[in-house]
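Novice: A predicted structure for the sequence below; I have some questions about it.
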Amino acid sequence: MYRDNTLVPREAVRLLALGLLDTRVMTYAALAAEVRHFTTHVVGPSLDLVASPIELLKVEGLVAAAGNEGAGDEQESLSITPAGRAELDHLLKSNVRPGISDINKLIITLKIRFLHLLEAEDRALQTEMIAEMFERQLVRLTELRAHYSEADGHLSGWLDHDIKQTRDSVTWLQNLRV
(Lines give C-alpha, C1' and ligand atoms only; values in the text may rest on other atoms or scores of the structure.)
Protein backbone atom coordinates (compact mmCIF):
# COMPACT_ATOMS: atom_id res chain seq x y z
CA MET A 1 0.00 0.00 0.00
CA TYR A 2 0.99 3.57 -0.50
CA ARG A 3 1.53 5.69 2.62
CA ASP A 4 -1.97 7.18 2.28
CA ASN A 5 -3.51 3.69 2.68
CA THR A 6 -4.40 3.44 -1.02
CA LEU A 7 -3.78 0.36 -3.11
CA VAL A 8 -0.90 -0.19 -5.47
CA PRO A 9 -1.85 -1.94 -8.75
CA ARG A 10 -0.79 -5.41 -7.59
CA GLU A 11 -3.01 -5.04 -4.52
CA ALA A 12 -5.94 -4.32 -6.81
CA VAL A 13 -5.27 -7.71 -8.40
CA ARG A 14 -5.11 -9.30 -4.93
CA LEU A 15 -8.44 -7.68 -4.05
CA LEU A 16 -9.96 -9.07 -7.24
CA ALA A 17 -8.60 -12.60 -6.78
CA LEU A 18 -9.56 -12.79 -3.10
CA GLY A 19 -12.99 -11.29 -3.79
CA LEU A 20 -13.68 -13.83 -6.50
CA LEU A 21 -12.59 -16.69 -4.24
CA ASP A 22 -14.75 -15.35 -1.43
CA THR A 23 -17.77 -15.73 -3.69
CA ARG A 24 -16.92 -19.21 -5.06
CA VAL A 25 -14.25 -21.91 -5.29
CA MET A 26 -12.40 -21.68 -8.60
CA THR A 27 -9.57 -23.48 -10.33
CA TYR A 28 -6.29 -21.64 -10.61
CA ALA A 29 -6.78 -21.42 -14.40
CA ALA A 30 -10.33 -20.05 -14.08
CA LEU A 31 -9.20 -17.52 -11.45
CA ALA A 32 -6.29 -16.32 -13.60
CA ALA A 33 -8.59 -16.04 -16.63
CA GLU A 34 -11.22 -14.08 -14.67
CA VAL A 35 -8.59 -11.71 -13.24
CA ARG A 36 -7.14 -11.14 -16.72
CA HIS A 37 -10.63 -10.65 -18.23
CA PHE A 38 -11.78 -8.16 -15.58
CA THR A 39 -8.62 -6.05 -15.47
CA THR A 40 -8.26 -5.94 -19.26
CA HIS A 41 -11.86 -4.79 -19.70
CA VAL A 42 -11.64 -2.10 -17.01
CA VAL A 43 -8.19 -0.62 -17.72
CA GLY A 44 -7.00 -2.34 -20.87
CA PRO A 45 -3.81 -4.36 -21.13
CA SER A 46 -1.39 -3.18 -18.46
CA LEU A 47 2.16 -4.24 -17.70
CA ASP A 48 1.52 -3.42 -14.02
CA LEU A 49 -1.18 -6.08 -13.92
CA VAL A 50 0.47 -8.80 -16.04
CA ALA A 51 1.54 -11.98 -14.27
CA SER A 52 -0.67 -11.30 -11.30
CA PRO A 53 0.57 -12.63 -7.99
CA ILE A 54 -2.06 -15.36 -7.61
CA GLU A 55 0.57 -17.99 -6.79
CA LEU A 56 1.84 -15.69 -4.03
CA LEU A 57 -1.62 -15.86 -2.42
CA LYS A 58 -1.03 -19.59 -1.85
CA VAL A 59 2.44 -19.05 -0.42
CA GLU A 60 1.09 -16.41 1.97
CA GLY A 61 -1.71 -18.72 3.13
CA LEU A 62 -4.48 -16.45 1.82
CA VAL A 63 -5.87 -19.18 -0.45
CA ALA A 64 -5.66 -22.95 -0.21
CA ALA A 65 -6.33 -26.00 -2.32
CA ALA A 66 -9.97 -26.99 -2.09
CA GLY A 67 -9.93 -30.74 -2.28
CA ASN A 68 -8.31 -31.71 -5.59
CA GLU A 69 -4.64 -31.19 -4.75
CA GLY A 70 -3.43 -33.81 -7.26
CA ALA A 71 -5.11 -32.17 -10.24
CA GLY A 72 -2.08 -30.11 -11.27
CA ASP A 73 -1.49 -26.42 -10.73
CA GLU A 74 -3.82 -25.13 -13.47
CA GLN A 75 -6.77 -27.37 -12.53
CA GLU A 76 -6.33 -27.23 -8.76
CA SER A 77 -9.36 -25.66 -7.11
CA LEU A 78 -8.66 -22.80 -4.74
CA SER A 79 -10.66 -21.33 -1.89
CA ILE A 80 -10.10 -18.35 0.35
CA THR A 81 -8.75 -18.97 3.87
CA PRO A 82 -9.70 -17.02 7.00
CA ALA A 83 -6.43 -15.08 6.61
CA GLY A 84 -7.40 -14.38 3.00
CA ARG A 85 -10.82 -13.12 4.10
CA ALA A 86 -9.14 -10.78 6.60
CA GLU A 87 -6.81 -9.50 3.84
CA LEU A 88 -9.80 -9.01 1.50
CA ASP A 89 -11.55 -6.99 4.20
CA HIS A 90 -8.39 -4.90 4.71
CA LEU A 91 -8.07 -4.22 0.96
CA LEU A 92 -11.75 -3.34 0.60
CA LYS A 93 -11.44 -0.77 3.41
CA SER A 94 -8.45 1.02 1.85
CA ASN A 95 -8.61 4.63 0.77
CA VAL A 96 -9.05 5.76 -2.83
CA ARG A 97 -6.64 8.26 -4.35
CA PRO A 98 -8.11 11.51 -5.61
CA GLY A 99 -8.69 11.81 -9.34
CA ILE A 100 -9.69 9.25 -11.89
CA SER A 101 -6.74 7.32 -13.29
CA ASP A 102 -6.96 3.91 -14.91
CA ILE A 103 -5.82 2.23 -11.70
CA ASN A 104 -8.25 4.29 -9.60
CA LYS A 105 -11.05 3.29 -11.95
CA LEU A 106 -10.07 -0.36 -11.47
CA ILE A 107 -9.93 0.00 -7.67
CA ILE A 108 -13.30 1.79 -7.52
CA THR A 109 -14.85 -0.82 -9.81
CA LEU A 110 -13.47 -3.60 -7.60
CA LYS A 111 -14.75 -1.93 -4.44
CA ILE A 112 -18.22 -1.62 -5.98
CA ARG A 113 -18.01 -5.23 -7.24
CA PHE A 114 -17.27 -6.59 -3.75
CA LEU A 115 -18.97 -3.95 -1.59
CA HIS A 116 -21.63 -6.48 -0.58
CA LEU A 117 -18.95 -8.53 1.20
CA LEU A 118 -18.42 -5.81 3.83
CA GLU A 119 -20.46 -5.29 6.98
CA ALA A 120 -23.14 -2.57 6.63
CA GLU A 121 -21.15 0.08 8.52
CA ASP A 122 -17.98 -0.48 6.48
CA ARG A 123 -20.05 -0.61 3.28
CA ALA A 124 -21.54 2.80 4.12
CA LEU A 125 -18.09 4.26 4.90
CA GLN A 126 -16.62 3.01 1.62
CA THR A 127 -19.60 4.32 -0.36
CA GLU A 128 -19.28 7.71 1.34
CA MET A 129 -15.54 7.86 0.66
CA ILE A 130 -15.99 7.08 -3.03
CA ALA A 131 -18.86 9.58 -3.33
CA GLU A 132 -16.72 12.29 -1.71
CA MET A 133 -13.91 11.59 -4.17
CA PHE A 134 -16.33 12.10 -7.08
CA GLU A 135 -17.75 15.23 -5.43
CA ARG A 136 -14.23 16.70 -5.19
CA GLN A 137 -13.66 15.78 -8.84
CA LEU A 138 -16.93 17.52 -9.74
CA VAL A 139 -15.80 20.72 -7.99
CA ARG A 140 -12.46 20.66 -9.87
CA LEU A 141 -14.15 20.06 -13.22
CA THR A 142 -16.78 22.76 -12.61
CA GLU A 143 -14.10 25.29 -11.66
CA LEU A 144 -12.08 24.37 -14.75
CA ARG A 145 -15.18 24.64 -16.97
CA ALA A 146 -15.89 28.14 -15.64
CA HIS A 147 -12.62 29.30 -17.23
CA TYR A 148 -13.48 28.20 -20.78
CA SER A 149 -16.14 29.04 -23.34
CA GLU A 150 -17.33 27.68 -26.66
CA ALA A 151 -14.70 29.90 -28.29
CA ASP A 152 -12.02 27.60 -26.82
CA GLY A 153 -12.79 24.82 -29.25
CA HIS A 154 -14.16 21.52 -28.09
CA LEU A 155 -12.79 21.71 -24.54
CA SER A 156 -15.97 23.16 -23.03
CA GLY A 157 -18.07 20.40 -24.61
CA TRP A 158 -15.70 17.73 -23.31
CA LEU A 159 -15.75 19.26 -19.83
CA ASP A 160 -19.57 19.38 -19.93
CA HIS A 161 -19.56 15.68 -20.83
CA ASP A 162 -17.10 14.87 -18.02
CA ILE A 163 -19.13 16.95 -15.52
CA LYS A 164 -22.32 15.09 -16.45
CA GLN A 165 -20.64 11.69 -16.00
CA THR A 166 -19.18 12.74 -12.66
CA ARG A 167 -22.49 14.17 -11.48
CA ASP A 168 -24.21 10.90 -12.52
CA SER A 169 -21.64 8.96 -10.49
CA VAL A 170 -22.28 11.11 -7.42
CA THR A 171 -26.04 10.61 -7.79
CA TRP A 172 -25.65 6.84 -8.24
CA LEU A 173 -23.47 6.60 -5.12
CA GLN A 174 -25.87 8.78 -3.10
CA ASN A 175 -28.69 6.44 -4.09
CA LEU A 176 -26.56 3.47 -3.05
CA ARG A 177 -26.13 5.00 0.42
CA VAL A 178 -29.89 5.00 1.00
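Specialist: Received it, and whenever you're ready, just let me know what you need.
Novice: shaky segments in this structure?
Specialist: Along the chain, the parts satisfying pLDDT under 70 run over 1, 46-52, 68-74, 99-100, 178.
Novice: and it, what are its domain boundaries?
Specialist: Domain assignment of the chain by automatic domain parsing yields the ranges 1-96, 119-178.
Novice: name the stretch among the ones you listed that sits most buried.
Specialist: Across the domains of the chain, averaging neighbours per residue (mean count of other CB atoms under 10 Å) puts domain 1-96 on top, at a mean of 17. Every residue, glycine included, has its C-beta placed from N, CA and C.
Novice: can you give the distance from that domain to the centre of its chain?
Specialist: Offset of domain 1-96 from its chain centre (CA atoms, centre = their mean, to the nearest Å): 12 Å.
Novice: any chance of the domains of the chain in TSV, plus distance to residue 109?
Specialist: TSV is the format used below for the domains of the chain (distance: least, CB to CB, whole Å):
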stretch	distance to residue 109
domain 1-96	5
domain 119-178	10
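Novice: figure out which of the ones you listed is closest to residue 112.
Specialist: Set against residue 112 and scored by CB to CB, the domains of the chain come closest in domain 119-178, at 7.7 Å.
Novice: sounds good, over and out.
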